[in-house]
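J.: The following block contains a protein sequence and its predicted model.
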Amino acid sequence: MSTARPAGSPPPPVATPADPLAPLAALPGVPEAVESVRTAVDRAYGHRVMRRRSSEVSAEAALRGARASAALEGADWALEEVRRRSDFGTGEEPRAVGAALRVTAEAGQLLDIWQQSPLRVLARLHLVAAGGAAPDDSVGRPRRAGEPVEGPDLGLELPGADEVAARLDGLAQLVAAGSTAPALVTASVVHGELQVLRPFGSRNGLVARAAERVVLVGSGLDPKAICPAEVGQAEQGGDAYLKALHGYASGTPEGMVEWIAHCGRAVGLGVRESTAVCEALQRGAA
């Protein structure tokens, strides 16, 4: 994670070793992305349907977010297919969809634990995502030296086990310490770091996106989980997702801005999806 800023840019409001995300929040383009997301989320929460039927909107957002997360793993199913199926135990695509549904649901149960023990949350998310489909002794723990990693090819060098352990510890310390940075910045870094590290032997993308969901909800930006960023990630397409992720992996200011802006657009598209759900509920069509 880079905290460098371009020459000539204004200093961040807070830039101490205890708050390494603050400089990212001040990079050119990031405040605009943060403000755009906040405006969009506030507008969604102001919809009249949210006064009476927010739980329905949240449930639909979770379903659509899980479907989208599975699509980014290569299991791109129609929403109605996901909605009607009950058996996800046979075949790689059904298992991926089932894992996405489970991990999305589990994320909402771990909000109170995240700040105190983020590594415990990540272990639990992986256990839920990969349990029953991976060797028992590899589930819920970071991979060891020489262990393979399953999942889509990100076109990025796979960090070694020692680097993974060190960077996971750093991420956990960062989360536990808190930050003045906006929720979008923190969520983007958590998502990007987990995708680049691929700390587990499988289902890393599902875990990374679920962890982003935990940050967005737990921070108070999206307390009712009605703005599924996963939908926006999938809607922008796999190529755009990988391009932005490579920007994060580069560690340059430009790359970090590209990734944070990409994640901001994903939240905005998730807001649009849930606004459409609100409109459908209002018309009696859903």
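T.: That came through fine.
J.: just so I have it, where are all the helices in the chain?
T.: With helices called from DSSP state H, the chain shows them at 22-25, 30-45, 50-72, 79-84, 92-107, 111-114, 118-130, 161-177, 183-197, 204-218, 229-236, 238-250, 253-283.
J.: which one of these is the most hemmed in?
T.: Mean neighbour count (mean count of other CB atoms under 10 Å) peaks for helix 204-218 among those, with a mean of 27. Bear in mind the C-beta positions are built from the backbone N, C-alpha and C, glycine included.
J.: and that helix with helix 253-283, angle?
T.: 70 degrees (axes from the mean of the first three to the mean of the last three CA atoms, to 10 degrees).
J.: Run the chain-centre distance for helix 204-218.
T.: Averaging C-alpha positions (CA atoms, centre = their mean, to the nearest Å) puts helix 204-218 4 Å from its chain's average.
J.: now that helix against helix 161-177, angle please.
T.: Comparing the axes of helix 204-218 and helix 161-177 via the same axes, to 10 degrees yields an angle of 10 degrees.
J.: Report the rounded mean pLDDT for helix 204-218.
T.: Averaging pLDDT along helix 204-218 gives 98.
J.: Likewise for stretch 99-112?
T.: Mean predicted lDDT for stretch 99-112 stands at 96.
J.: now swap in stretch 120-132 and tell me
T.: Stretch 120-132 shows a mean pLDDT of 93 in the predicted model.
J.: please begin residue numbering at 588 from this point
T.: Let's use 588 as the start, then, which means that last one is stretch 707-719.
J.: who's in contact with it?
T.: Contact with stretch 707-719 is made by 686-687, 689-690, 693-694, 697, 700-701, 725-728, 755, 781, 786-790, 793-794, 797-798, 801, as judged by CB atoms under 8 Å, 6 or more residues apart in numbering.
J.: do the same with stretch 781-791
T.: 660, 686, 690, 709, 713, 716-717, 720-721, 725, 728-730, 734-738, 741, 743, 745-746, 750-751, 754-755, 758, 792, 794-795, 798, 832, 835-836.
J.: Stretch 746-763 now?
T.: So stretch 746-763 is in contact with 607-608, 701-706, 709, 729-734, 773, 776-777, 780-781, 783-786, going by CB under 8 Å, 6+ apart.
J.: give me that answer again for 10 Å
T.: 588, 605-608, 701-709, 729-734, 745, 768, 773, 776-777, 780-781, 783-787, 798, 801-802, 805, 836 (CB atoms under 10 Å, 6 or more residues apart in numbering).
J.: Please name the spatially closest residue to Ala770 (chain neighbours excluded).
T.: In space, and not counting its chain neighbours, Ala770 is closest to Ser806: 3.6 Å by CB to CB, 6 or more residues apart in numbering.
J.: ok, now Val736?
T.: Spatial nearest neighbour of Val736, chain neighbours left out: Arg785 (5.1 Å); criterion: CB to CB, 6+ apart.
J.: per-residue pLDDT, the one you found?
T.: 98.
J.: cool, Glu866 as well?
T.: 95.
J.: wouldn't it be in contact with Ala631 here?
T.: No: in this structure, Glu866 is not within contact of Ala631 by CB atoms under 10 Å, at 11.1 Å.
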